[in-house]
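J.: predicted structure and sequence below. I'll ask about it afterward.
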Amino acid sequence: MATITKMDVMSYAKLSTVLNVFVGAILGIIYFLILLVSGNVAIGIAALIGTPIFLGIFGFITGAIGALIFNLAVKWSGGLELTIEK
């Protein structure tokens, strides 16, 4: 049995950023295609570029806050116990 007592805030924030940029890229492509069909090419290009950037920044901030809250919660509760099998 392993016990997690602390999570590195920057490590989790970076992971959250990468995942959110990936989701943002997918959503940006979808938004771009929808706006391209409706004739709003300039707004579509802005969505294609802006969505991953916005979600990346949002992911970093929420990931850092989430890791801080996690660290407080495991400090108060004594840790998170995990069973790891090889």
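T.: Yep, it's here.
J.: mind listing the strands for the protein?
T.: For the chain, the strands defined by DSSP state E cover 2-4, 80-82.
J.: got CSV for these, with mean neighbour count and distance to residue 46 too?
T.: The C-beta positions use only the backbone N, C-alpha and C, and glycine is treated the same way. Output for the strands of the chain, formatted as CSV (neighbours: other Cβ atoms under 10 Å; distance: least, Cβ to Cβ, whole Å):
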stretch, mean neighbour count, distance to residue 46
strand 2-4, 10, 41
strand 80-82, 10, 41
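J.: quick one: closest of these to residue 17.
T.: For the strands of the chain, the distance to residue 17 is smallest for strand 2-4, at 21.1 Å, taking Cβ to Cβ.
J.: with adjacent residues omitted, what lies nearest to residue 58?
T.: Distances taken as Cβ to Cβ, 6 or more residues apart in numbering place residue 20 nearest to residue 58, at 6.4 Å, with adjacent residues excluded.
J.: just checking, that neighbour touches residue 54?
T.: No. The pair residue 20 / residue 54 is not scored as a contact, 9.0 Å apart, by Cβ atoms under 8 Å.
J.: the more surrounded of these two?
T.: Neighbour count, other Cβ atoms under 10 Å: between residue 20 and residue 54, residue 20 has more, with 21 against 16.
J.: contacting residues for that one?
T.: 55, 56, 58, 59, 60 (Cβ atoms under 8 Å, 6 or more residues apart in numbering).
J.: the chain: helices as residue ranges?
T.: Listed in chain order, the helices of the chain (DSSP state H) span 9-37, 41-77.
J.: residue 3: which of those helices is closest?
T.: helix 41-77 (8.7 Å).
J.: what's the angle from that closest one to helix 9-37?
T.: Angle of helix 41-77 versus helix 9-37, following axes from the mean of the first three to the mean of the last three Cα atoms, to 10 degrees, is 150 degrees.
J.: re earlier: how near is the residue nearest to residue 58 to residue 36?
T.: 24 Å (Cβ to Cβ, to the nearest Å).
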